[in-house]
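Peer 1: Need the 3D shape of this:
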Amino acid sequence: MHSERTKILFLRISYWVGAIYDAVWVAPMVFPSLGASYFGVANFDPDPIFRYGLGAGAALMAGWTVLLLWADRRPVERRGVLLLTIIPVKVGLDLASLILPVYGVIPWEKWLLTKIDAVILYILFIFSYVHSAGLVKKRQEGPVTI
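Peer 2: Okay, the predicted model is just below:
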């Protein structure tokens, strides 16, 4: 059985991995040419409506980055943020992204590559959440920090 410190460490790693992942995706949303380059989309010239959607998405992605860092400050008490990050946020984004290869905007191979990191995040977040379940009761007895 892992120690309390190890369980908290997994929670904190999850928050930071998620925050870094989200922060990295803000740039291609603010600068669409970066995203187009990453996905290999040639001659990408988004219209104002698409740019608005990207800007709104970037603001939400930046906000979620901050939320994950906030959760890290009280890792056990805020561990539910990991589940909210998976459902509805990450699952919703992954399902919405299906439109890209379905309509031929990006190749399926590029889309599948982005789903590898999604699976890794799902596994890490769920493991950390489930693995730390016993800490909630122990927290009532007093905090454990690392």
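Peer 1: which parts of the strand or helix carrying Val130 are buried?
Peer 2: Using DSSP states H and E, Val130 falls within helix 108-131. Residues of helix 108-131 classed as buried: Trp111, Thr114, Ala118, Leu121, Tyr122, Leu124, Phe125, Ser128, Tyr129, His131 (neighbour count, 16 or more other C-beta atoms under 10 Å). All C-beta spots, glycine's among them, are computed from the backbone N, C-alpha and C.
Peer 1: Could you report the pLDDT at the last one?
Peer 2: Spelled out, it's His131. Each residue has a pLDDT score; the one for His131 is 94.
Peer 1: so it makes contact with Ile13?
Peer 2: No. Counting by C-beta atoms under 8 Å, His131 sits too far from Ile13 to count as a contact (11.3 Å).
Peer 1: which residues touch the residue most central in space within the chain?
Peer 2: Nearest to the mean C-alpha position of the chain, counting by C-alpha atoms, centre = their mean, stands Gly18 at 4.4 Å. For Gly18, the contacting residues are Trp64, Leu68, Leu82, Thr85, Leu121, Phe125, by C-beta atoms under 8 Å, 6 or more residues apart in numbering.
Peer 1: Confirm for me that the last one is in contact with Ile13.
Peer 2: No. Taking C-beta under 8 Å as the contact criterion, Phe125 and Ile13 are not neighbours in contact, 10.2 Å apart.
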